[in-house]
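# Provided below are the primary sequence and the corresponding predicted coordinates.
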Amino acid sequence: MQSLIMRVLVNAFLFVFLLPVVNGITFHGSFWPEGVVAGVLFGLVVYLVNLGLAVFTIGTLGLGIFAYLLFPALSIQAMGWLFPQYLSVSSFGAAFLAGLVFWIGNAVLHSFLARESSN
């Protein structure tokens, strides 16, 4: 449960403070409550995009594995499309860069949580 809360808070931080640095990405709101709500919604979007890519990969007999390279960008694009009141995405290139920001941020969080659980 603590890991889930940390992930939502890190996603909210990324939405509010780091994504606006990417040219073409605009977050509408502040950390509380819009950032936290966007963090929760992004978790749901990531789950749905991951599920869709898994079905696509199975349906193409493994050839869709290359779509996983675009997974973060597709998640950002889907977030902007589904919830435009929180996030505006102007292009796929901006979504790709924002996806890299999320990937790095969540990798740092994962390594931190793994280190904490091992102690």
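Right, received. Where do you want to start? Numbering: from 1, shown residues only.

# for stretch 2-14, give the mean pLDDT please.
For stretch 2-14, mean pLDDT rounds to 87.

# what ranges do the strands span in the chain?
Along the chain, counting by DSSP state E, strands occupy 25-27, 87-89.

# quick one: residues contacting Leu113.
Ser3, Met6 (C-beta atoms under 8 Å, 6 or more residues apart in numbering). Placement of C-beta: from N, CA and C, glycine included.

# still on that earlier bit, so which of the strands of the chain comes closest to Gln77?
strand 87-89 (5.9 Å; C-beta to C-beta).

# just checking, what packs against that closest one?
strand 25-27, helix 71-82 (3 or more C-beta pairs under 8 Å, 6 or more residues apart in numbering; DSSP states H and E).

# what about the first one, average pLDDT?
Strand 25-27 carries an average pLDDT of 94.

# okay, now the sheet partners of that strand, with direction.
Next to strand 25-27 in the sheet, as set by DSSP bridges, lie strand 87-89 (antiparallel).

# per-residue confidence averaged over the partner strand?
94.

# please enumerate the helices of the protein.
2-13, 36-59, 71-82, 92-118 (DSSP state H).

# summarise which helices and strands the second one is packed against.
Applying 3+ C-beta pairs under 8 Å, 6+ apart, one finds that helix 36-59 makes contact with helix 2-13, helix 71-82.

# for the ones you listed, which one ends up most surrounded?
Highest mean neighbour count of the helices and strands packed on helix 36-59: helix 71-82, a mean of 20 (counted as mean count of other C-beta atoms under 10 Å).

# can you put the strands of the chain in JSON lines and add distance to Leu109 and mean neighbour count?
What follows is the strands of the chain, written out as JSON lines (distance: least, C-beta to C-beta, whole Å; neighbours: other C-beta atoms under 10 Å):
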{"stretch": "strand 25-27", "distance to Leu109": "19", "mean neighbour count": "19"}
{"stretch": "strand 87-89", "distance to Leu109": "20", "mean neighbour count": "20"}
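
# go through these and name the closest to Arg115.
Here strand 25-27 is closest among the strands of the chain (C-beta to C-beta), at 29.2 Å.

# okay, the strands of the chain in TSV with distance to Arg7 next?
Output for the strands of the chain, formatted as TSV (distance: least, C-beta to C-beta, whole Å):
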stretch	distance to Arg7
strand 25-27	18
strand 87-89	17
